[in-house]
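[1] test case, fold it:
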Amino acid sequence: MDYEHELTTDLKDSTPDKPRGIPLHTRIVVGLLVGVVAGLTVNAVFGPEDARVAWVVKNITEPIGQIFLRLLLMTVIPLVFSSLVVGVAGIGDIRKLGRIGIKCFVYTILISAISVVIGITAVNLVKPGKRVDATTAARLETKYASQATTQVENVKKITSKDSPFMTVVKTLIPSNPIAAIASDPPNMLHLMAFAIILGVAITLVSSSVTAALVGMLDGLFNVSTKIIDMVMKVAPFAVACLLFNNVAYFGI
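    You can find the predicted model right below:
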């Protein structure tokens, strides 16, 4: 009887708690709606040029939104790197890795093709930007022109004088993984390639040698996911601020 009681108690303790309160995704949707409604109200009542609106955006809502985005971006590099290395190393057999890699490649091609079709269809149907008035278009250009120019220049540096195959090589394989991480924005393709190569190398070395490294990276992965969980708790407020910033300035 005592054993049955202890077993029942253990099963009850191991049962996961039911989620309490409103689910996170519902709160994020509410935050999106609040940001849009608040932004439209402020845009209609005060106008985008009002000094009070500019002060609120500059000193309150924009910093909150940027804190959220930067915390996520801060965690992306350790999360992606550690998960890829541990995942590849955990397969253990390089032959299994090849089969899984081929399946992932085919899956990626198919999903990418579907996303391209959806994107092209949506653009042709909705025609974004066609109904934007000249004043709003000018403000958008002023706000994002420098960022777009920087991205275009970065692409030109990669593809300026190289052959197509050499361009692919430079795009995928880093010459300096530390530089890829330190660049702004970080080069995620280079980071992922280095992580996969490192994971493959770990599978080819004795586990007694690599156990400490894999354990450290596994710990890094778990800590990174915990940071993401912490950051997502403020996601409803952050997305409300991010939507408010743009809608207050540019309207519907």
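
[2] can you give me the helices for the stretch 1-150 of the chain?
    2-14, 24-45, 51-56, 62-91, 94-126, 134-159 (DSSP state H, counting those that start in this stretch).

[3] how about stretch 185-204: buried residues?
    186-187, 190-200, 202-203 (16 or more other C-beta atoms under 10 Å). Any C-beta I mention is one placed from the backbone N, CA and C, and that applies to glycine too.

[4] check the offset of that stretch from the chain's centre.
    Offset of stretch 185-204 from its chain centre (C-alpha atoms, centre = their mean, to the nearest Å): 18 Å.

[5] residues in contact with stretch 168-176?
    Contacts with stretch 168-176, where a contact means C-beta atoms under 8 Å, 6 or more residues apart in numbering, come from 158, 162, 180, 187, 189-191, 193-194.

[6] quick one on the thing from earlier: of all the helices of the stretch 1-150 of the chain, which one is nearest Thr210?
    helix 62-91 (7.1 Å; C-beta to C-beta).

[7] list the buried ones in that closest one?
    For helix 62-91, burial by neighbour count (16+ other C-beta under 10 Å) applies to 64-65, 68, 71-72, 75, 77-86, 88-89, 91.

[8] which of the contacts of stretch 168-176 sits closest to Val116?
    Closest to Val116, out of all of the contacts of stretch 168-176 and judged by C-beta to C-beta, is Leu189, at 18.1 Å.

[9] report the angle between the strand or helix carrying that closest one and helix 62-91.
    Assigned by DSSP states H and E, Leu189 falls within helix 188-203. Between helix 188-203 and helix 62-91, the angle comes out at 30 degrees (axes from the mean of the first three to the mean of the last three C-alpha atoms, to 10 degrees).

[10] how far off helix 94-126 does helix 188-203 point, in degrees?
    160 degrees.

[11] separation between Val126 and Ile118?
    12 Å (C-beta to C-beta, to the nearest Å).

[12] thinking again about what came up before, which one, of the helices of the stretch 1-150 of the chain, ends up nearest to Pro236?
    helix 24-45 (3.6 Å).

[13] dump the closest one to PDB, restricted to CA.
    Taking C-alpha atoms only, helix 24-45 is exported to PDB below (Å, rounded to 0.1, in the frame of the first residue of the first chain):
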ATOM      1  CA  LEU A  24       1.400  33.600 -25.000                       C
ATOM      2  CA  HIS A  25       0.400  33.600 -28.700                       C
ATOM      3  CA  THR A  26      -3.000  35.100 -27.700                       C
ATOM      4  CA  ARG A  27      -1.300  37.900 -25.700                       C
ATOM      5  CA  ILE A  28       1.000  38.600 -28.700                       C
ATOM      6  CA  VAL A  29      -2.000  39.000 -31.000                       C
ATOM      7  CA  VAL A  30      -3.600  41.300 -28.500                       C
ATOM      8  CA  GLY A  31      -0.400  43.300 -28.300                       C
ATOM      9  CA  LEU A  32      -0.300  43.600 -32.100                       C
ATOM     10  CA  LEU A  33      -3.900  44.800 -32.200                       C
ATOM     11  CA  VAL A  34      -3.300  47.300 -29.300                       C
ATOM     12  CA  GLY A  35      -0.200  48.700 -31.100                       C
ATOM     13  CA  VAL A  36      -2.100  49.100 -34.400                       C
ATOM     14  CA  VAL A  37      -5.200  50.700 -32.800                       C
ATOM     15  CA  ALA A  38      -3.100  53.000 -30.600                       C
ATOM     16  CA  GLY A  39      -0.900  54.000 -33.500                       C
ATOM     17  CA  LEU A  40      -3.900  54.800 -35.800                       C
ATOM     18  CA  THR A  41      -5.600  56.800 -33.000                       C
ATOM     19  CA  VAL A  42      -2.500  58.900 -32.400                       C
ATOM     20  CA  ASN A  43      -1.900  59.400 -36.100                       C
ATOM     21  CA  ALA A  44      -5.500  60.500 -36.700                       C
ATOM     22  CA  VAL A  45      -5.700  62.800 -33.600                       C
END
